[in-house]
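# Need coordinates for the following:
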Amino acid sequence: MDNKYFRNQLTMKYLKDYIDGTFRLKSFPNSNVIRYNYNQGVLITEGCFATVIANKIDANVKANIAIGGDRSGKTKIKYNMIENSKSEGIFVVEGEHHLLIEENTINNNYYGIVLIDSQGHIKNN
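The predicted structure follows:
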């Protein structure tokens with residue numbers, strides 16, 4: 001069996017579980033738990049981009065996820081549990097037009113999502 005085909009089928013099964021409401025973080029293989037950091041849990045600096053999918057990111061002192069600047073429009077933040085930050089759940093500075101923040105659970109942060117001089121798409125969080 002083609003490995004790429006197998007991975008796509010596997011991913012579709014997990015996404016279906018999410019859509020059906022039976023989502024559990026453990027449904028996604030290799031999900032990360034990022035917590036108890038003195039600064040950001042995930043910091044994506046200017047000139048960089050990332051796909052942040054299906055992680056538990058919580059209890060970081062600064063923003064759980066911070067991003068901004070050049071090339072940030074290629075970043076996708078989806079299906080994450082983003083909780084318990086003493087600061088922002090997601091912090092974006094100068095985010096570009098195609099930045100996507102979608103289908104995340106964002107709870108119990110000082111601020112949920114903060115955008116400064118930014119564009120992007122925020123859907124179904």
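# wait, what's in contact with the most centrally placed residue in the chain?
With distances taken as C-alpha atoms, centre = their mean, residue 77 lies nearest the centre of the chain, 3.3 Å away. By C-beta atoms under 8 Å, 6 or more residues apart in numbering, the contact set of residue 77 is 52-53, 65, 67, 90, 100-102, 104. The way it works is simple: take the backbone N, C-alpha and C, and place the C-beta from them, glycine included.
# again, 6 Å this time
For residue 77, the contacting residues are 52, 101, by C-beta atoms under 6 Å, 6 or more residues apart in numbering.
# cool, and residue 110?
86-87.
# and if you look at residue 63?
Residue 63 makes contacts with 40, 87-88, 91, as judged by C-beta under 6 Å, 6+ apart.
# Now name the helix or strand holding the residue nearest to the centre of the chain.
strand 76-78 (DSSP states H and E).
# Just give me how far the helix or strand just after that strand sits from the chain centre.
Once strand 76-78 ends, the next helix or strand along the chain (criterion: DSSP H and E) is strand 81-83. Chain-centre distance of strand 81-83: 9 Å, with C-alpha atoms, centre = their mean, to the nearest Å.
# List the strands paired with strand 81-83, with their directions.
strand 56-58 (parallel), strand 105-107 (parallel) (DSSP bridges).
# most packed of the ones you listed?
strand 56-58 (a mean of 23; mean count of other C-beta atoms under 10 Å).
# and the protein, what are its domains?
1-25, 31-123 (automatic domain parsing).
# I'd like to know which of those has the weakest mean confidence.
Ranked by mean pLDDT, those bottom out at domain 1-25, with a mean of 49.
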